[in-house]
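Enquirer: what's the 3D shape of this:
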Amino acid sequence: MSAHQQDLLAAQAPDGVPQDTPVRAESLSTGALLLRGAALAQVQELLATIAPLLAAAPLRHMQTPGGFRMSVAMSNCGRLGWITDRCGYRYVTHDPLTGEPWPALPECLRALGMRAATAAGYAGFAPDACLINCYEPSARMSLHQDRNERDLNAPVVSISLGLPAVFLWGGATRAERPRRVPLASGDVVVWGGASRLNFHGVAALAAGEHPATGARRLNLTLRAAG
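Expert: Next up, the predicted model:
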């Protein structure tokens, strides 16, 4: 990663947290980049920021169109929120659980997503939706594509907080065997371009305890959905 890209990822860290944590960039495929440690200095800030959002729009286990209850608990913030139910996968402006608009996308989260996207080669990323996924032990996300967004030219930015996980990074078809990529708290994955519709998922979360999140992992996934 160039010095310029490192500067793009520099963020104001909370008191007592080093701001010079090195970021290591690893290519997953053409257009997809893993930025190890890119959000490490902001983990506590991000957790504190999303806590009131989850109070307003609680985590819930959604149901797929086929009637399957997702093992991952989910919520959203931003102008649009992703949901799934018997009617299908889609983005909506209001939380169907509360009837209220989704909580606003926090500026610190938006800015982090924009910096990460720019460092990965996607300048101009303007996220308007953030999926908040909560994994507890044994929760998993099966291989899927992110294709409900209106503009597929914009990348996806995924931020890991808490317990480590195994990210499953596949190819253009579900048949391709996915690569198993370990993710730690503070890691950020950005994918777009030739990899925008690659299949991906998360292996079943192993039990553990993290000082920031306890026995769970939170994943913040920023998209330009509208």
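
Enquirer: Would you confirm that Pro127 contacts Arg115?
Expert: No. Between Pro127 and Arg115 no contact is recorded; they are 11.6 Å apart, counting by Cβ atoms under 8 Å. Glycine gets a C-beta too; all of them are placed from N, C-alpha and C.

Enquirer: Low-confidence ranges, the protein, go.
Expert: Flagging of the chain using pLDDT under 70 yields the residue ranges 1-21.

Enquirer: how about the helices in it?
Expert: 3-9, 43-56, 107-119 (DSSP state H).

Enquirer: just these: most buried one?
Expert: Mean neighbours per residue, mean count of other Cβ atoms under 10 Å, is largest over the helices of the chain for helix 107-119, with a mean of 21.

Enquirer: Distance from the chain centre to that one, please.
Expert: 12 Å (Cα atoms, centre = their mean, to the nearest Å).

Enquirer: so that helix versus helix 43-56, what angle?
Expert: Put simply, helix 107-119 runs at 120 degrees to helix 43-56, going by axes from the mean of the first three to the mean of the last three Cα atoms, to 10 degrees.

Enquirer: which strands and helices sit next to helix 107-119?
Expert: If contacts are counted by 3 or more Cβ pairs under 8 Å, 6 or more residues apart in numbering; DSSP states H and E, helix 107-119 sits against helix 3-9, strand 32-36, helix 43-56, strand 156-162, strand 188-191, strand 217-223.

Enquirer: what's in contact with that helix?
Expert: With contact meaning Cβ atoms under 8 Å, 6 or more residues apart in numbering, helix 107-119 is reached by 1, 5, 8-9, 11, 25, 33, 35, 38-39, 42, 45-46, 49-50, 77, 123, 125-127, 130, 155, 157, 159, 188, 190, 192, 220, 222.

Enquirer: ok, now stretch 120-127?
Expert: Stretch 120-127 has contacts (Cβ under 8 Å, 6+ apart) with 31, 33, 35, 78, 105, 110, 113-114, 117-118, 154-155, 157, 190, 192-193, 222-224.
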